[in-house]
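J.: With the sequence up front, the predicted model follows.
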Amino acid sequence: NTTTTTTDNTTNNNTNASSFPSIPITHFTSTPSVFVTCSFFARTLWLFPSHSISNHQLLTHLSYSTQLVPYLWSFIEKNFGSSTETLESYCLNEKKENIVTNQGTGICAVLTLFCMCYNQLLVVLDDTELYIEQIPLPRASVVRLISSLKILTFRLHWEYDSSDEAPSMLKGRANTQTTKTSGETKSNNPTPSTNHASTSTVTPFFVLLRNTTTMLLRNLYDRSSRRPIAHVHDPTAHSNLWLVPQLKTELGTGNRLVGLLLRGASSSTTIPMNEPYLDKLRRTKGIRAHNLLRTMPYSVSFEDRLLLFQYILKDERDRCQDQGDVNSAVKVRVRKSQIFEDTHRKLNQKGVLKKRIYVIFVNPLTGEDEKGIDAGGLFKELWTELSNVAFNPNYGLWNVTPVTNLMYPSSKAALIHSNSIELYHFLGRILGKAIFEQIVVQPNFTHFFLQKLFAVFLPSFVEINAENAAILKFTSSSFEFFSILS
């Protein structure tokens with residue numbers, strides 16, 4: 001069938017031929033045929049180099065020229081349609097050995113191919129297609145997908161160690177015969193890809209499954225962070241959608257979780273000789289927790305991530321500022337009438353801003369130093385005065401959006417300031433210093449600028465109108481100079 005119906009009772013997914021050229025999906029009339037077809041494509045993408053042209057062309061064709069994504073989702077929900085066995089229960093309860101030993105068959109092949117094609121689609125889908133036309137899946141289906149995949153992805157990162165990921169010989173390739181469990185079928189005829197890989201070592205298939213589910217969740221999270229897929233008017237419910245309950249059980253929260261993450265960040269991946277069992281267990285748990293935070297940061301609550309960030313900043317401040325010793329501080333004399341120029345001249349040096357800044361204001365009338373002890377308040381005053389000047393649109397470095405008054409770099413900055421790149425560089429350092437000292441940052445930047453700044457997915461420019469389209473002329477090289485505490 002070329003059209004696919006979903007189990008949603010909500011809005012139709014509108015996955016029609018006008019969106020993507022439709023090629024009939026034939027012979028998908030039974031569960032075994034779906035498993036065999038998905039196994040063939042998934043194994044082909046697994047066994048052949050991911051950077052090859054033929055591999056890329058195959059994935060592009062499956063994603064854009066067929067209705068494979070909505071069809072596979074409909075099949076997955078139908079296959080796990082009972083009240084006792086859902087996709088979420090499968091992700092939670094499937095035995096580890098079944099996933100580790102899987103070689104691209106059954107439901108693992110279906111999930112892998114589905115996630116790879118969905119990732120490919122997200123590259124070109126704009127907000128209208130994703131949120132309004134709900135292509136390729138209804139938003140309610142996306143929510144159910146997130147709820148299930150986050151559990152499976154957590155398990156794939158938490159329960160599996162380096163010994164599971166080691167490349168190994170593909171066993172029994174000349175005469176492949178699989179048991180008919182979890183949708184796997186019997187076959188005595190090897191495929192071409194089977195013979196090709198019969199004498200080679202490959203990364204286990206579950207690593208490909210883990211990488212594709214991780215990437216899909218991250219891409220959906222990036223899109224949802226800017227415009228929620230669900231719970232639009234309830235930020236708490238939106239954040240809870242991404243939290244993994246099993247993570248709280250395994251790792252805890254608060255100081256316990258932070259301690260575990262810090263231990264993992266400082267631990268070596270090499271196993272010391274004659275290491276006690278309990279020490280090895282703590283070290284392994286810390287490393288896995290640290291890797292989990294790097295791959296699935298959304299699975300940890302914002303409060304715990306903020307607490308971890310504060311711990312890291314405090315440790316770094318104590319190290320760089322000699323536990324607050326005034327004698328190690330960098331003294332800066334500034335005139336309030338020339339605050340931006342004086343600060344730029346004194347502090348635009350590598351490595352200086354991590355030290356404590358001792359601010360001395362100069363009286364504009366007498367030219368003498370104003371009396372006062374800088375216990376932190378004067379630096380905050382310096383930051384406030386500096387930001388009022390540097391982030392003022394009239395200064396020429398920034399433009400603002402008409403409605404939301406969010407800031408982004410001005411394309412005409414180079415015409416006003418000959419050293420505009422250097423000034424952006426300096427402002428990046430000053431923003432980093434404010435964060436380093438836990439001072440509230442006043443400027444509010446546009447989302448597309450932040451996305452560009454952090455080199456992540458760049459969404460459509462919905463935050464600016466035609467008269468501000470000059471931002472498109474702002475070259476990416478300018479952002480390379482925008483550093484934080486470099």
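T.: Perfect, thanks for sending it.
J.: can you pull the contacts of the nearest residue to Asn219 once chain neighbours are set aside?
T.: Spatially, and ignoring its direct neighbours in sequence, Asn219 is nearest to Leu122 (4.9 Å; C-beta to C-beta, 6 or more residues apart in numbering). In this view, the C-beta of every residue, glycine as well, is placed from N, C-alpha and C. By C-beta atoms under 8 Å, 6 or more residues apart in numbering, the residues touching Leu122 are Leu130, Leu216, Asn219, Leu220, Arg223.
J.: where does this protein have low pLDDT?
T.: Counting by pLDDT under 70, the chain has low-confidence residues at 1-29, 49-51, 81-84, 162-200, 268-273, 323-327, 371-377, 455-486.
J.: max-length helix in it?
T.: Across the chain, the longest stretch assigned as helix under DSSP state H is helix 205-226.
J.: Buried residues in that one, which are they?
T.: Within helix 205-226, the residues that qualify as buried are 205-221, 223-225, counting by 16 or more other C-beta atoms under 10 Å.
J.: What lies in contact with the helix or strand following it?
T.: Later in the chain than helix 205-226, the nearest helix or strand by DSSP states H and E is helix 235-240. Outside helix 235-240, the residues within contact range by C-beta under 8 Å, 6+ apart are Ser224, Pro228, Ala230, His231, Val232, Ser301, Phe302.
J.: quick one: the residue lying closest to the last one once chain neighbours are set aside and Asn255, what's the gap?
T.: Going back to what we said before, that points to Phe302. Once its chain neighbours are removed from consideration, Phe302 has its nearest residue in Ser239; the separation is 6.6 Å (C-beta to C-beta, 6+ apart). As judged by C-beta to C-beta, to the nearest Å, Ser239 and Asn255 stand 21 Å apart.
J.: now Phe379
T.: Plainly put, Phe379 is 29 Å away from Asn255 if you go by C-beta to C-beta.
J.: what's the answer for Phe154, then?
T.: For Phe154, the distance to Asn255 - C-beta to C-beta - is 22 Å.
J.: Those two: who's more crowded?
T.: A direct count of neighbours by other C-beta atoms under 10 Å for Phe154 and Asn255 places Phe154 higher, at 24 against 12.
J.: Confirm for me that the more buried one is in contact with Pro245.
T.: No. Here Phe154 lies out of contact with Pro245, judged by C-beta atoms under 8 Å, at a distance of 9.5 Å.
J.: where do the strands sit along the stretch 251-400 of the chain?
T.: Under the criterion DSSP state E, counting those that start in this stretch, the stretch 251-400 of the chain carries strands at the ranges 330-335, 357-362, 398-400.
J.: repeat for the stretch 1-150 of the chain
T.: Counting by DSSP E, counting those that start in this stretch, one finds no strands in the stretch 1-150 of the chain.
J.: just the helices in it please.
T.: Read by DSSP state H, counting those that start in this stretch, the stretch 1-150 of the chain holds these helices, from start to end of the chain: 31-47, 53-64, 68-79, 87-93, 96-100, 106-122, 127, 139-158.
J.: And for the stretch 251-400 of the chain?
T.: Remark: helices of the stretch 251-400 of the chain, listed N- to C-terminal, are 254-266, 277-295, 302-320, 339-347, 377-390; assignment by DSSP H, counting those that start in this stretch.
J.: for the third one, packing partners?
T.: When you say that, I think you mean helix 302-320. Based on contacts counted as 3 or more C-beta pairs under 8 Å, 6 or more residues apart in numbering; DSSP states H and E, the elements that helix 302-320 packs against are helix 254-266, helix 420-436.
J.: Contacts for that helix, please.
T.: Under the criterion C-beta under 8 Å, 6+ apart, residues 239, 253-255, 257-258, 261-262, 293, 297, 324, 354-355, 435-438 lie in contact with helix 302-320.
J.: what residue lies at the spatial centre of this protein?
T.: Among the residues of the chain, the one closest to the centroid is Arg218, at 4.5 Å (C-alpha atoms, centre = their mean).
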